[in-house]
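K.L.:
Below are the sequence and a predicted model for it; my questions follow.
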Amino acid sequence: LLPPNPKPWPRGFSATFYTNLTTILEDSPALPQHAIKGKIWYQEGSGQRVFHGAGSKECIQFYNSEASCTLVFNQGGMFAETENGCCLDMPEIKSPPRNWTLTPHEFIGTKRIRGRM
């Protein structure tokens, strides 16, 4: 049985997601022990925005902030918005085209992280 062929993303969508799920299972007092709600918005030609709620590992680890943070991806790169303002964080990371799922990818292996695959 093979997985279904991937389809392009819709031209525009939004979706709610939850992060920090693995930290609930680990002994990590520095991180909240509950799921953090986030949201992604995508619009073809405009880019994507990813909101991470307060306490998200993404905001704590990369932006040293326990407050919420937002990542905006467009043709200029990836911008980070925190309580300290906005900046171009990674100019080489852009918003993906909606057909990125159709691009052939090569599986290069697995890596064990914190004892998990």
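P.N.:
Alright, I've got the coordinates. Worth saying up front: this structure is predicted, and the values here are computed from it rather than measured.

K.L.:
what's across from the residue nearest in space to the middle of the chain in the sheet?
P.N.:
The chain has residue 50 as the residue nearest its centroid, 6.4 Å off, counting by Cα atoms, centre = their mean. Legend: beta-bridge partners of residue 50 under DSSP bridges are residue 40, residue 71.

K.L.:
Could you report the separation of it from residue 72?
P.N.:
Separation of residue 50 from residue 72 (Cβ to Cβ, to the nearest Å) stands at 8 Å. To be clear about C-beta, it is placed using only N, CA and C from the backbone, and glycine gets the same treatment.

K.L.:
you'd agree the residue nearest to the centre of the chain is up against residue 59?
P.N.:
No. Here residue 50 lies out of contact with residue 59, judged by Cβ atoms under 8 Å, at a distance of 11.0 Å.

K.L.:
any chance you could map the strands in this protein?
P.N.:
12-19, 36-43, 47-52, 69-74, 77-82, 85-90 (DSSP state E).

K.L.:
Can you dump the C-alpha atoms of the last one in PDB for me?
P.N.:
As requested, the backbone C-alpha atoms of strand 85-90 are provided in PDB (Å, rounded to 0.1, in the frame of the first residue of the first chain):
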ATOM      1  CA  GLY A  85       9.900  44.500  17.500                       C
ATOM      2  CA  CYS A  86      10.400  43.000  14.000                       C
ATOM      3  CA  CYS A  87      13.500  42.100  12.200                       C
ATOM      4  CA  LEU A  88      14.700  40.200   9.100                       C
ATOM      5  CA  ASP A  89      15.900  37.000  10.700                       C
ATOM      6  CA  MET A  90      16.800  34.700   7.800                       C
END
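
K.L.:
model confidence over that strand, on average?
P.N.:
Averaging pLDDT along strand 85-90 gives 92.

K.L.:
With the first one instead?
P.N.:
Per-residue confidence for strand 12-19 averages out to 93 on the pLDDT scale.

K.L.:
That one - contacts with which helices or strands?
P.N.:
The contact analysis (3 or more Cβ pairs under 8 Å, 6 or more residues apart in numbering; DSSP states H and E) places strand 12-19 against strand 36-43.

K.L.:
Contacts for the strand it packs on, please.
P.N.:
9-20, 48-57, 95, 98 (Cβ atoms under 8 Å, 6 or more residues apart in numbering).
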